[in-house]
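1. My questions are about this predicted structure, shown below with the sequence.
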Amino acid sequence: MEKKLLDSLTAIVGKENVLTTQEDLYSYSYDATPGHAHMPDVVVMPANAEETGKILALANENRIPVYTRGSGTNLSAGCVPTKGGIVLLMTRLNKIIEIDLENLVAVAEPGVIVADLNKAVAAHGLIYPPDPGTVNTATLGGTIAENAGGLRGLKYGVSKHYVMGLDIVLASGDTMTTGGKNVKDVSGYDMTKLFTGAEGTLGVITKATVKLVPAPEAKKSMMAIFKDLDNAGKAVSGIIAAKIIPATLEIMDNATIRTVEDYAHVGLPLDAEAVLLIEVDGNPTVVEKEAAKVMEVLTANHADSVQIAKDDNERDKLWAARRAALPALAKLRPTTYVEDATVPRNQVPAFLRAVSQLAVKHQVTIGTFGHAGDGNMHPTIVCDIRDSKEMERVQKAMDEMFRTAIELGGTLSGEHGIGLGKLPWMQAQHGPVAMNAMKSIKRALDPNLILNPGKLIGEC
Amino acid sequence: MTEKITAQDIRSQDQALLKDIEDALANCMKCGNCMEVCPLYKEIGRENAVARGKLSLMEGVLKGVIPLSANFDTAMAKCVSCKACAAKCPCGVPADDLILRGRQAIVKARGLHPIKQKVFALLKNRPLFDFSLRMAGLFGPLSFKKLPGKMAAIARFPMPGMDKRRITAPFASTPLRSQHPETIKVDKPRLKVLFFTGCTINYIYTDIGNSVLNVLKANNIEVTLPSLQHCCGTPVYMSGDIDSARVLAKHNIDIFSETPCDYVVAACGSCAEAFKIEYPHLFADDALMTEKAKKLAAKTYEISEFLVDIAKFDRSKLGKVAATVTMHDPCHMARGIKVTKQPREILQAIPGVTFAEMKEPARCCGAGGSFSLANYELSRKINDRKVADIASTKADIVATSCGSCRMHITDGLIQNGMTQDSLHVIQLLDQSYQAGAK
């Protein structure tokens, strides 16, 4: 990068907040997605919205790509600086500005770690429900930009269901505010939702107002083991049909069960086709009633065994299997792709079958676990990125997997976002007209295409 | 006649130095979970402060994208070796070991830092090392001002490598091993142990050493303090100077293997870890030494672990110690040799002690051995969090199992205007035996 530009950036944020050594640049060349590393030209760490605006204005004037980044835990290469330019590191904006107990909202900067926000509101008996697997490291801004979800998505939804307002810096460097603390707000286009999940392609979040909900008073967990996958599928539909919306309703397929058992020895039968893990939460009386009803549905759908946790200790034991799923799979091979193809929940068994068949067909190792209740599956492909022959097979399997999800009426992502990882299938899911509409929005808000260029909707 | 050395030659040499850990590095899936627990990342907030970043830099060297530069060296140095990343890693990547390999590669490629060269040369020369630290004890009062009450002192004059505000402990005027005969006899001993004192206890915290001897005596155990024992080698090992670490390890393995005993005890998590874990690993290419190291490792115990699990310490003679005590678990105790229950069992066995657990007792205090010498500001910031956790327990005493932690915590307490005392677990047990004898 030209010295003149570096000097201008230094003038905005100070010398210690502009990183230019080869080693620093290399350290911001990747996120948690395998195979997409690229060096930026500079890493800049603004302290506030004003500095962010100045950086973007400078970048816009000079047509420099800007990649906004939080903790870099993305699973879709969302913050990899594929065209060089500026990595805009937002972690210094890390204040919780307000916890408003009368309106049940929190106002916070994008660099706040989501778990820290939750700790702060827990003191008031509240939760901020989005809880991605990386909740202890991921930033609020990153999770909003990626529209992150989590284990309790079935009942509580994903990030976009909690973001009420945003402060945004546009590509021009101008700032704007969307939404606010109003529970009902139908004034104008829903710009808040537009920027939530835009993956940093439309603007930079510098402040967020998010909805808080009362923490559930009680929880009850159950684990059911099924020798037959279809029975597990029917049990999932049965629970919902019984008008119960569990906080979590998780599934693990046979490949995952075998891997978990081999690694964590939690006592799962190796021949089981599926394990369901269910948690209901809320008012203690209702929780008891709902748990009993869930047990009934599980039995009626021929669960081979059902365990119910009597206390927190037993709950932890049941959850141990699910918690071990990703680590167990990840330890099998060096490279781990955690995908999140999602299907309507009644198609979960069909999708799981299809994935295990295509794993055999393409000779790749895939274990699938995920959120059966909302259809959000995590087919996890383990391989070695250094083996090009194997990677060809992985690509073929992945291609078929995403096309299958779309054919089943599903979507490319339930919570990880598109980034670069799932870009190849966007057209297949949305069709040319919707893709053009999205590109028009991008061009309108970022005419010089400097914000996370090439991601989410591809080249514009 | 000299062949021209190209940048490419240097690169391939750099890569060769890390080649054998390529697979281990590839296992890092870059999920970033280590960010949650890394004490340095919490303070620095930059990717190359955390394990994921450091492992990536090593990968970068292997790929030939970045060289084994001074910046690489600085990044590798910014690690307290607290092992929290490795304990957290879902993929089981031993990031702490790999970072040490990064440091070793630096030492091999670029040589040891000149200051370290001198210090380590002194360290390897046992008689000279012993002489220097004795002199430090004799002439210490000239250069250090003792603070009232605690084992705490502050430098009177600027000292190289040391922050002038830093509060340390004074060197002992007489080292522990010179205060006692080599073997301390008891009538009809039920066990015979060798005591590996480590440098901190021998030259500085003789109070800890004396407590260990008192407690072993109270349990009718004969103790030998082998006079030829030497530094365990952890400080040099952590700096990536594996050759020096081997020299020290071999010396200790020989001395402790050749002196007859039932068990070997150490009163420091890092020393115990050196004997139990590092020594057997250091001689991968030498079957005979590996075998010898393994045998020694099998009979080495950290003192709390030894008293609880092996000696089943005598609880009938314990007297009252009225104090509220909290416990800091040194990194090498908690995640190295995994001894956390036994020190608590000892504290809770003492009549009159109210035990108050602090938040995150196993979070690094920031000492990191010599890390705090080179990075005082940073290590103080990490320590401030520890001190805040201590304060919230309302305890009068912080117990720990490591001299280096004790020194750093004492510094932190005084810097923060707090009056709590920091002691080794065994000192409290010693107090209890003394109260019981009255």
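-> That came through, no problem.
2. near chain A, which residues of the stretch 51-200 of chain B show up?
-> Applying C-beta under 8 Å from any C-beta of the partner chain, we find that the stretch 51-200 of chain B lies next to chain A at B:53, B:56-57, B:60, B:65-66, B:69, B:71-72, B:75, B:90-92. Every residue, glycine included, has its C-beta placed from N, CA and C.
3. Counting only helices, which of those make the cut?
-> Applying DSSP state H to those, the entries found in helices are B:G53, B:S56, B:L57, B:G60, B:N71, B:F72, B:A75.
4. Doesn't B:I154 belong to a helix?
-> No - assignment of B:I154 by DSSP: H, G, I helix; E, B strand; the rest coil gives strand, placing it outside any helix.
5. okay but it is in contact with B:A169, surely?
-> No - if you go by C-beta atoms under 8 Å, B:I154 and B:A169 don't touch, sitting 10.6 Å apart.
6. Secondary structure element holding the residue nearest to the spatial centre of chain B?
-> By C-alpha atoms, centre = their mean, the mean C-alpha position of chain B lies nearest to B:S270, the distance being 3.5 Å. Assigned by DSSP states H and E, B:S270 belongs to helix B:269-273.
7. Mind giving me the packing neighbours of that helix?
-> helix B:234-238, strand B:300-302 (3 or more C-beta pairs under 8 Å, 6 or more residues apart in numbering or on different chains; DSSP states H and E).
8. coming back round to it: can you name the two of the ones in helices among the residues of the stretch 51-200 of chain B next to chain A that sit furthest apart?
-> For those, the maximum inter-member distance is 13.4 Å, found between B:S56 and B:N71 (C-beta to C-beta).
9. Have a look at the two and say which one is more surrounded.
-> Per other C-beta atoms under 10 Å in any protein chain shown, whichever of B:S56 and B:N71 has more neighbours is B:S56, with 25 against 17.
10. how about the helices in the stretch 301-438 of chain B?
-> Here the stretch 301-438 of chain B has its helices, by DSSP state H, counting those that start in this stretch, at B:303-305, B:331, B:341-349, B:371-374, B:376-393, B:403-415, B:425-437.
11. right, I mislabeled it, should have said the stretch 151-300 of chain A
-> Using DSSP H, counting those that start in this stretch, helices in the stretch 151-300 of chain A cover A:153-156, A:191-195, A:229-241, A:254-264, A:284-300.
12. Redo the ones you listed as JSON lines? Include mean pLDDT and distance to A:T411.
-> Putting the helices of the stretch 151-300 of chain A into JSON lines (pLDDT from 0 to 100; distance: least, C-beta to C-beta, whole Å) gives the following:
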{"stretch": "helix A:153-156", "mean pLDDT": "94", "distance to A:T411": "13"}
{"stretch": "helix A:191-195", "mean pLDDT": "98", "distance to A:T411": "16"}
{"stretch": "helix A:229-241", "mean pLDDT": "94", "distance to A:T411": "18"}
{"stretch": "helix A:254-264", "mean pLDDT": "92", "distance to A:T411": "22"}
{"stretch": "helix A:284-300", "mean pLDDT": "96", "distance to A:T411": "27"}
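13. Compare these and give me the one nearest B:K292.
-> Closest among these, once you apply C-beta to C-beta, is helix A:254-264, at 33.9 Å.
14. Return the distance of the residue nearest to the centre of chain B relative to B:L296.
-> Distance of B:S270 to B:L296, computed by C-beta to C-beta, to the nearest Å: 16 Å.
15. Same check on A:K317?
-> 38 Å.
16. Tell me which of these two has more neighbours.
-> A count of neighbours by other C-beta under 10 Å puts B:L296 above the other of A:K317 and B:L296, at 22 against 15.
17. Quick one: residues contacting the more buried one.
-> B:I253, B:F256, B:S257, B:V264, B:F275, B:Y279 (C-beta atoms under 8 Å, 6 or more residues apart in numbering or on different chains).
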